[in-house]
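Chemist: Below: sequence and its predicted model.
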Amino acid sequence: MGSLPGQKAPHTPNGILISTLDEARARWLGQRIPASSGRFVPTRLEIDYRTALQPDERRVRVRFIVLRADRTGAVLREIVQNSNTQRVIAEAVSEVELWDASMSYRLRLSDEQLAPLRSDSEGIHR
């Protein structure tokens, strides 16, 4: 990875980190919430970079903490860490909503779908 002009440390490309978060979030939500009629779509993502992703850091872990869950969706805190050293690479807050399969309208979460989010205040994935 190269550095941006004026930067001394390697830069973590946004695309790599966003892809990592999207894949881990989709798996984490898919393992907890029955969503056969739709899929979860991120509607907001805010990332705070803590340190650059180093070239030798091929394995990272993403932890998820549910900050809020209601009928319209959920707000998650996401922490990206080096799998070996536990060093925090980035922290993010995402908001997700459940949309129907055709992506034409938002679905409301049922009690069955909300229960895992409300009881699982922290999860680890990736």
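Modeler: Cool, got the structure.

Chemist: Pairing partners for the host helix or strand of residue 61, with directions?
Modeler: Per DSSP states H and E: residue 61 is located in strand 60-70. As defined by DSSP bridges, the strand partners of strand 60-70 come to strand 73-82 (antiparallel), strand 122-125 (antiparallel).

Chemist: which of these is buried the deepest?
Modeler: When these are scored by mean count of other C-beta atoms under 10 Å, the highest mean neighbour count falls to strand 73-82 (a mean of 20). From N, CA and C alone the C-beta is placed, and that goes for glycine too.

Chemist: Can you list the neighbours in contact with that one?
Modeler: Strand 73-82 is contacted by residues 17, 20-21, 24-25, 40, 43, 57, 59-69, 87-98, 109, 117 when judged by C-beta atoms under 8 Å, 6 or more residues apart in numbering.

Chemist: Quick one: distance of that strand to the chain centre.
Modeler: 5 Å (C-alpha atoms, centre = their mean, to the nearest Å).

Chemist: quick thing: my sequence starts at 9, can you match it?
Modeler: Sure, I'll start numbering at 9, so the last one becomes strand 81-90.

Chemist: any idea which helix or strand comes after it?
Modeler: strand 96-108.

Chemist: next helix or strand past that next one?
Modeler: As assigned by DSSP H and E, the chain's next helix or strand after strand 96-108 is helix 119-127.

Chemist: Please name every helix or strand in contact with that following helix.
Modeler: Judged by 3 or more C-beta pairs under 8 Å, 6 or more residues apart in numbering; DSSP states H and E, helix 119-127 is in contact with strand 68-78.

Chemist: Understood, closing this out.
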